[in-house]
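Engineer: Sequence and computational prediction follow.
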Amino acid sequence: MYSYGEFMRVKDRRRDYIKDIAVQRIEKLIKLAEEVYSRDQELANRYAELAYRISLRARVKIPKKYKYRICRKCRAFLVPGRNMSVRLKSRREPHLVIKCLVCGYTKRIPYKKGLKVSKSCNNSSGSS
């Protein structure tokens, strides 16, 4: 029989294993959504929805490079120029504006002047 400390270590290892698998599946689903979007937008949206639900169930964050590709309000898979507009605004505080053209949800991400904005949300081709 396990002592309490050994039991908790086994439980932590299992939890880490589940979270690792969840992140791998989220990444795979987003990549599949990118590939399939041009042929079947509904399937791409379904993949994005599944990735979001896996992140909730396993209590893991969606990796930052994929986070901005899923609309927070309608859960649609976002592709720049198709159903998502991306703008840089310098008024007040400089920020990146991502707008979902499906539901109209707007996300603002602040950035500092002089620093380059990461291209993670604009990376629709999959190459970095």
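Structural biologist: Thanks, I have the structure now. Numbering: from 1, shown residues only.

Engineer: Now the terminal residues of stretch 27-44, how far apart.
Structural biologist: This stretch, stretch 27-44, spans 13 Å end to end (CA to CA, to the nearest Å).

Engineer: Show me the strands in the protein, by range?
Structural biologist: 84-89, 95-100, 106-110 (DSSP state E).

Engineer: right, and those - which one's nearest K73?
Structural biologist: Of all those, strand 95-100 sits nearest to K73, with 6.8 Å by CB to CB. (C-beta placed from N, C-alpha, C; glycine too.)

Engineer: Report the angle between the closest one and strand 84-89.
Structural biologist: 160 degrees (axes from the mean of the first three to the mean of the last three CA atoms, to 10 degrees).

Engineer: buried sites along the lowest-mean-pLDDT helix or strand in the chain?
Structural biologist: Lowest on mean pLDDT, DSSP states H and E among the helices and strands of the chain sits helix 4-36, with a mean of 88. In terms of neighbour count (16 or more other CB atoms under 10 Å), helix 4-36 has its buried residues at A22, V23, R25, I26, L29, I30, L32, A33, E34, V36.

Engineer: so what does that helix touch, helix or strand wise?
Structural biologist: Judged by 3 or more CB pairs under 8 Å, 6 or more residues apart in numbering; DSSP states H and E, the packing partners of helix 4-36 are helix 41-58, helix 64-67.

Engineer: what's the closest of those helices to R108?
Structural biologist: helix 64-67 (14.1 Å).

Engineer: would you put the C-alpha positions of that closest one in PDB?
Structural biologist: Only the C-alpha atoms of helix 64-67 are listed here, as PDB (Å, rounded to 0.1, in the frame of the first residue of the first chain):
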ATOM      1  CA  LYS A  64      -0.200  31.500 -26.600                       C
ATOM      2  CA  LYS A  65       0.700  31.000 -30.300                       C
ATOM      3  CA  TYR A  66      -2.700  29.400 -30.800                       C
ATOM      4  CA  LYS A  67      -4.800  31.300 -28.300                       C
END
